[in-house]
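Asker: Here is the input, now give the coordinates:
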Amino acid sequence: MNDNHFKFSNAVIGLPVFFVLFLWIVYWMQIRFDFDFYQHGIYPRDFSGLQGVLFSPFIHENLDHLYNNSIPLLVLLAAMQFFYPKQSFAVIGFGILFSGLITWVIGRENYHIGASGLIYVLVSFIFFKGIQTRYYRLVALSLSVILLYGGMIWYVFPDVDKTISWEGHLAGFITGFGMSLLYKTPEYAKPIVYEWQKPDFNPEEDAFMKHFDENGNFVNTEIPEEEPELFWNYYNSNVSVNYTVTKTESEDKM
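Answerer: Numbers count the residues shown, from 1 in each chain. Below you'll find the model as predicted:
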């Protein structure tokens, strides 16, 4: 598959804008009507805390928490929808589910809220999947994500900042990596660099390639009388070359 796989659509803008707008609406309802949404977060190893697996990504503590998650979500969701349109909704949905479940298993006994777990899912998936495809555009995307958000890796370790849910970050990172292995992407065609890489290239019609057999061995053939100039263009050059020969000390003594 070639670069036509990457097509801009309304969803590239609509998906991240709608998702982030929904987060802001939930937060507005929280402060406007004084709703206590925190109790709907993930509370590890408690049956009632399982509801947070679905609800916690949409709950935020304050404006700083919401703002710090909104910008990466806009960027990463747009990248997902443009470069991985067939996998984006599955990665978002299952990413929320499985990262939440892992957090519920390994988390500290406290409420875990916020969309940062999903952010780690997206960063991990985009990075590892791009490297796995070895396709130059997706590898460049992987490197760009690491350049922008590579510093986030420190927040998957405990005791870096006790006020954050490092368990949610670690769960998201593991989930994104696992989903990069699970979801397959199409084979991407490598960019054409040489003439012989073109689909319509015929070695039997090429003045140079016709002097080699199918195994790459040189075949001594006669110069075609009708195209002598075309043949010799492969071997002659108008560029002058000067060679410098340096004698060694042993040669001088001889």
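
Asker: Flag every buried residue along stretch 10-18.
Answerer: 11-12, 15-16 (16 or more other CB atoms under 10 Å). (Each C-beta comes from the backbone N, C-alpha and C, glycine too.)

Asker: I should have written stretch 108-126 there, sorry.
Answerer: 111-126.

Asker: what about the helices in the stretch 101-250 of the chain?
Answerer: Secondary structure of the stretch 101-250 of the chain by DSSP state H, counting those that start in this stretch: the helices cover 116-133, 136-149, 166-182, 228-232, 249-253.

Asker: Could you save those helices as CSV and add columns showing mean pLDDT and distance to residue 106?
Answerer: Formatted as CSV, the helices of the stretch 101-250 of the chain follow (pLDDT from 0 to 100; distance: least, CB to CB, whole Å):
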stretch, mean pLDDT, distance to residue 106
helix 116-133, 96, 12
helix 136-149, 94, 22
helix 166-182, 96, 5
helix 228-232, 51, 70
helix 249-253, 52, 70
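
Asker: which of these is buried the deepest?
Answerer: For these, ranked by mean neighbour count under the definition mean count of other CB atoms under 10 Å, the leader is helix 116-133 at a mean of 25.

Asker: How far does that one sit from its chain's centre?
Answerer: In terms of CA atoms, centre = their mean, to the nearest Å, the centre of helix 116-133 is found 6 Å from the chain centre.

Asker: what's the angle from it to helix 136-149?
Answerer: Counting by axes from the mean of the first three to the mean of the last three CA atoms, to 10 degrees, helix 116-133 lies at 150 degrees to helix 136-149.

Asker: rewinding a little: point out the one among the helices of the stretch 101-250 of the chain that comes closest to residue 75.
Answerer: Smallest distance to residue 75 across the helices of the stretch 101-250 of the chain (CB to CB): 7.4 Å, for helix 136-149.

Asker: Per-residue confidence, residue 41, what does it come out as?
Answerer: You'll see residue 41 listed with a pLDDT of 95.

Asker: so how many other residues sit close to it?
Answerer: Number of residues near residue 41 (other CB atoms under 10 Å) recorded here: 25.

Asker: OK, contacts around it?
Answerer: If you count contacts by CB atoms under 8 Å, 6 or more residues apart in numbering, residue 41 has them with 49, 52, 55-56, 59, 111-113.

Asker: Residue 161 too?
Answerer: By CB under 8 Å, 6+ apart, the residues touching residue 161 are residue 155.

Asker: Name the nearest residue to residue 142, ignoring sequence neighbours.
Answerer: Counting by CB to CB, 6 or more residues apart in numbering, the nearest residue to residue 142 once its immediate chain neighbours are dropped is residue 130, at 3.2 Å.

Asker: That neighbour contacts residue 136, doesn't it?
Answerer: No - using CB atoms under 8 Å, residue 130 makes no contact with residue 136, being 9.7 Å away.
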